[in-house]
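Trainee: only the shape, not the letters, is given here:
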């Protein structure tokens with residue numbers, strides 16, 4: 001899966017995020033990329049207890 005569009009979305013979302021959850025834009029973009037990878041049967045373990053908890 002080409003990460004470029006997800007990278008640009010991440011930058012845009014992270015820079016424009018005005019919510020208290022400073023990683024909200026980042027987490028949304030990375031979750032979308034991970035879902036696209038999952039659709040191609042590639043598993044990405046990216047969530048941690050400190051980053052983008054479910």
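Mentor: It's in. This one's a predicted model, so the numbers in the text were calculated from it and none came from an experiment.

Trainee: report pLDDT for the spatially most central residue of the chain.
Mentor: Central residue of the chain (CA atoms, centre = their mean): residue 30, 1.4 Å from the mean position. Note for residue 30: predicted pLDDT of 89.

Trainee: what helix or strand is it on?
Mentor: helix 24-39 (DSSP states H and E).

Trainee: which residues does that helix contact?
Mentor: Contacts with helix 24-39, where a contact means CB atoms under 8 Å, 6 or more residues apart in numbering, come from 1, 3, 6-7, 9-10, 12-17, 43-44, 46, 51-52. All C-beta atoms are positioned from the backbone trio N, CA, C, and that covers glycine.

Trainee: now do 7 Å
Mentor: With contacts defined as CB atoms under 7 Å, 6 or more residues apart in numbering, helix 24-39 is touched by 1, 3, 6, 9, 10, 13, 14, 16, 17, 44, 46, 52.

Trainee: give me the phi and psi for the residue located most distally from the centre of the chain.
Mentor: Ranked by distance from the centre of the chain (CA atoms, centre = their mean), the top residue is residue 41, with 17.5 Å. Backbone dihedrals for residue 41, given as degrees, to the nearest 10, come out at phi 70, psi 30.
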